[in-house]
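> kindly return the folded structure for what I paste below:
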Amino acid sequence: MQQRKLLSRQPGQGVTEYIINVALIAIAAIDVYQASAGG
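Next up, the predicted model:
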C-alpha cells in the first residue's frame, strides 16, 4: 500500500502547488474584476 504517498508532501512539490494555486486565484480574481469593471 503506497497510496499514503499522495497525502505526504514531497520537498519542492508544495512550492509548485502553491504557485499554481496563487496563479489560478489571481486569474480568477482578474477575470471577476474585469467582468465587474467592464459592466
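
> so where's the chain shaky on pLDDT?
Using pLDDT under 70 as the threshold, the predicted model of the chain has low-confidence ranges 1-11, 39.

> what about the helices in it?
13-38 (DSSP state H).

> ok, so what distance separates residue 28 from residue 20?
When distances are taken as CB to CB, to the nearest Å, residue 28 and residue 20 turn out to be 13 Å apart. C-beta coordinates here come from the backbone N, C-alpha and C atoms, glycine included.

> brain fart, residue 30
Taken as CB to CB, the spacing of residue 30 relative to residue 20 amounts to 16 Å.

> what of residue 32?
Residue 32 sits 19 Å away from residue 20, taking CB to CB as the criterion.

> again, but for residue 12
Residue 12 sits 13 Å away from residue 20, going by CB to CB.

> common neighbours of the two, please.
With contacts taken as CB atoms under 8 Å, 6 or more residues apart in numbering, not a single residue reaches both residue 12 and residue 20.

> residue 28 and residue 13, how far apart?
Separation of residue 28 from residue 13 (CB to CB) stands at 23 Å.
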